[in-house]
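Asker: Got a sequence here, can you model it:
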Amino acid sequence: MDSKKVYIKTHGCQMNEYDSSKMLDLLKSKQNFEIAESEDEADLLILNTCSIREKAQEKVFHQIGRWKKFKTKKPDLKIAIGGCVASQEGEKIVKRAPAVDVVFGPQTLHKLPELYEEKIKTDRTQIDISFPKLEKFNFLPSAEDPGPSAFVSVMEGCNKYCSFCVVPHTRGHEVSRNVIDILNEVSVLADGGAREIYFLGQNVNNFKGAYKGESASLAKLIELTAKIQNIERIRFTTSHPYEFRDDLVEVYDKVPELVSHVHLPVQSGSDRILRLMRRRYSVERYLDLIDKIRSIRPEMSFSSDFIVGFPNETEKDFAATMQVVEEVKFDESFSFIYSPRPNTSASEMSDNVGIEEKKERLEILQSRLTELSFGYSRRMVGTIQNCLITASSKKDPSELQARTVNNRIVNFKPRDFKVGDFVNLLIRDAYSNSLRGEVVNAVL
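Answerer: Numbering: from 1, shown residues only. This is a model prediction of the structure:
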């Protein structure tokens, strides 16, 4: 079979990155596709979409418009739209953009090869945005080259229905994978060279996978994963403060492979706003959770998400958010101005906060978060950090790039080390987006 080339453009979170990698594995194994280095050499263009932010749909249609031009030069080129916008919009995408050949959702990505083939055979547009729960995991091939750090999706969907979030509508309700299936996948990845596993789920700490006839928590999954040979680091995202239970806190005392870094979205420091967001926890409960984790791991690094300018957010509400920032002193965070999403209750709320006020608040918050993050980087100068080498340096191919426990990039001269090794690096300098290190000795 002659090989064809596929180009995948991915928007959004780690879940989408994971899904895109699986699309590629499927197309390679089932239809002999190869990776296209650029869009203009592809036979199949795939856009894996995200609907979290405002104007997500418009970004999709702008991209389709750019890709449509390639069809004039290559009539057999096919365009496929996947991910959350595809799940949300479905047939509307094709009605507005007839150049699209295939539309599929996050739960039907395993059907992509057959949808593509059916389009070739019939020349009819193919759409499948159904929710067949965990069916896709029965069809996904193992990664040929997982690299030193590998994503593993352990559950799909979310039941929280936060008032601002569209995920339950685009990815469906929560459903957890079988623990043995996950451990088997991790074992294959470890045999292929993975040293770090990153467990993924929209609400990952509410994982309830079947194990020996019972329901196992994320904490139990972490303990079992740590026993797999060659797995030396374990991470997970995204966690919800409401369901960060005591057993997950306690596992930090039991499993040294679980890194001292966790992403714990707070969204707002105002109890009033949290209630409007339907987040199900108070600021006091959130801060108590931080204290519990730090009592076990004093060196724990926290990152978070913030939404600024939620409908009717007052100056007092925003000040409360800044107070939480000062109390926790987050290492790294992501912050956005609230944007109404379709089919969410918050989109129907009245809002008396002007956009300029929202932008000003975001600038104040981001300025402080950046200051705190760089402060952490500066304090790492002069320390020795055990780092996992993940790739060649983007700026200088003669150097390597590694990641610290708290996910900072460190560039260094490799000596005798290679991607996949752990190495101890003396941090020499801190920059806005990276660190510079020097090898002191390796941990093999």
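Asker: CA only for contacts and neighbour counts going forward, please
Answerer: Fine.
Asker: helices or strands next to the top helix by length along the chain in the packing?
Answerer: Taking DSSP state H as the criterion, the chain has its longest helix at helix 355-380. Packing partners of helix 355-380 (3 or more Cα pairs under 8 Å, 6 or more residues apart in numbering; DSSP states H and E): strand 301-308, helix 315-328, strand 332-337, strand 422-430.
Asker: In terms of pLDDT, where does Pro256 sit?
Answerer: Note for Pro256: predicted pLDDT of 97.
Asker: how about it, secondary structure?
Answerer: At Pro256 the chain is in coil, as set by DSSP: H, G, I helix; E, B strand; the rest coil.
Asker: who's in contact with Pro148?
Answerer: Contacts for Pro148 (Cα atoms under 8 Å, 6 or more residues apart in numbering) come out as Gly193, Ala194, Arg195, Glu196, Leu388, Ile389, Thr390, Val419, Gly420.
Asker: For burial, what's the neighbour tally of the spatially closest residue to His263 that is not a sequence neighbour?
Answerer: Closest residue to His263 apart from its sequence neighbours, by Cα to Cα, 6 or more residues apart in numbering: Ser303 at 4.7 Å. Using other Cα atoms under 10 Å, Ser303 has 20 neighbouring residues.
Asker: Run through the bridge partners of Ser303.
Answerer: His263, Glu332 (DSSP bridges).
Asker: does it really touch Ser260, like I thought?
Answerer: No. Counting by Cα atoms under 8 Å, Ser260 is not a contact partner of Ser303; they are 11.3 Å apart.
Asker: Identify, from the contacts of Pro148, the entry nearest to Ser345.
Answerer: Checking these against Ser345 with Cα to Cα, the nearest one is Glu196 at 38.4 Å.
Asker: quick one, strands of the stretch 1-150 of the chain?
Answerer: Secondary structure of the stretch 1-150 of the chain, counting by DSSP state E, counting those that start in this stretch: strands at 4-10, 33-35, 44-49, 78-83, 102-104, 126-128, 149-153.
Asker: Same question for the stretch 151-300 of the chain.
Answerer: Secondary structure of the stretch 151-300 of the chain (DSSP E, counting those that start in this stretch): strands located at 155-156, 175-176, 196-200, 209-211, 214-216, 233-237, 261-263.
Asker: Show the average pLDDT along the last one.
Answerer: Across strand 261-263, the average pLDDT comes to 97.
Asker: contacting residues for Ile409?
Answerer: Taking Cα under 8 Å, 6+ apart, one finds Gln401, Ala402, Arg403, Asn433, Ser434, Leu435 in contact with Ile409.
Asker: change it to 10 Å
Answerer: Going by Cα atoms under 10 Å, 6 or more residues apart in numbering, Ile409 touches 387-390, 393, 401-403, 433-437.
Asker: what's the closest of the residues you listed to Lys133?
Answerer: Nearest to Lys133 among the contacts of Ile409, with distances taken as Cα to Cα, is Thr390, at 32.4 Å.
Asker: mind putting the strands of the stretch 151-300 of the chain in TSV, mean neighbour count and distance to Tyr252 included?
Answerer: Listed next are the strands of the stretch 151-300 of the chain as TSV, based on neighbours: other Cα atoms under 10 Å; distance: least, Cα to Cα, whole Å:
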stretch	mean neighbour count	distance to Tyr252
strand 155-156	24	21
strand 175-176	20	22
strand 196-200	23	15
strand 209-211	19	20
strand 214-216	13	17
strand 233-237	21	11
strand 261-263	20	10
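Asker: how about a markdown table for the ones you listed, with distance to Gln107 added?
Answerer: Listed next are the strands of the stretch 151-300 of the chain as a markdown table, based on distance: least, Cα to Cα, whole Å:
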| stretch | distance to Gln107 |
| --- | --- |
| strand 155-156 | 8 |
| strand 175-176 | 11 |
| strand 196-200 | 15 |
| strand 209-211 | 18 |
| strand 214-216 | 23 |
| strand 233-237 | 19 |
| strand 261-263 | 25 |
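Asker: For Val166, which of those is the nearest?
Answerer: strand 155-156 (13.9 Å).
Asker: what's the spacing between the nearest residue to Val262 once chain neighbours are set aside and Asn406?
Answerer: Leaving aside its sequence neighbours, Val262 sits nearest to Phe302 (Cα to Cα, 6+ apart; 5.3 Å). Using Cα to Cα, to the nearest Å, Phe302 is found at 8 Å from Asn406.
Asker: Also Gly147?
Answerer: 19 Å.
Asker: Mind pulling up the pLDDT for Lys133?
Answerer: On pLDDT, Lys133 comes in at 79.
Asker: where does the residue of the chain most remote from its centre land on pLDDT?
Answerer: In the chain, the residue that sits farthest from the middle, by Cα atoms, centre = their mean, is Thr122; the gap is 35.7 Å. The model reports Thr122 with a pLDDT of 97.
Asker: Also Met1?
Answerer: For Met1, the model assigns a pLDDT of 52.
Asker: Also Phe70?
Answerer: Reported pLDDT for Phe70: 95.
Asker: Asn441 now?
Answerer: 69.
Asker: As a check, name the ranges of all helices in the stretch 51-200 of the chain.
Answerer: Ranges of helices within the stretch 51-200 of the chain are 56-68, 70-73, 84-89, 91-96, 112-122, 167-171, 179-191, based on DSSP state H, counting those that start in this stretch.
Asker: as a whole number, average confidence for the fourth one?
Answerer: Read that as helix 91-96. Averaged across helix 91-96, pLDDT comes to 95.
Asker: Now do the nearest residue to Leu115 once chain neighbours are set aside against Gln107, distance only.
Answerer: When the adjacent residues along the chain are set aside, Leu115 lies closest to Gln126, with 5.9 Å between them (Cα to Cα, 6+ apart). From Gln126 across to Gln107, the span is 15 Å (Cα to Cα).
Asker: quick one, which of the two is more surrounded?
Answerer: For Gln126 and Gln107, the more surrounded residue by other Cα under 10 Å is Gln107, and the numbers stand at 27 against 21.
Asker: Quickly list what's touching both of Phe302 and Asn406.
Answerer: With Cα under 10 Å, 6+ apart as the test, Phe302 and Asn406 both reach Ser260, His261, Val262, Asp331, Glu332.
Asker: ok so, going back, can you add distance to Lys5 and give the helices of the stretch 51-200 of the chain back as a markdown table?
Answerer: As requested, those are exported to a markdown table (distance: least, Cα to Cα, whole Å):
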| stretch | distance to Lys5 |
| --- | --- |
| helix 56-68 | 15 |
| helix 70-73 | 14 |
| helix 84-89 | 22 |
| helix 91-96 | 23 |
| helix 112-122 | 13 |
| helix 167-171 | 28 |
| helix 179-191 | 25 |
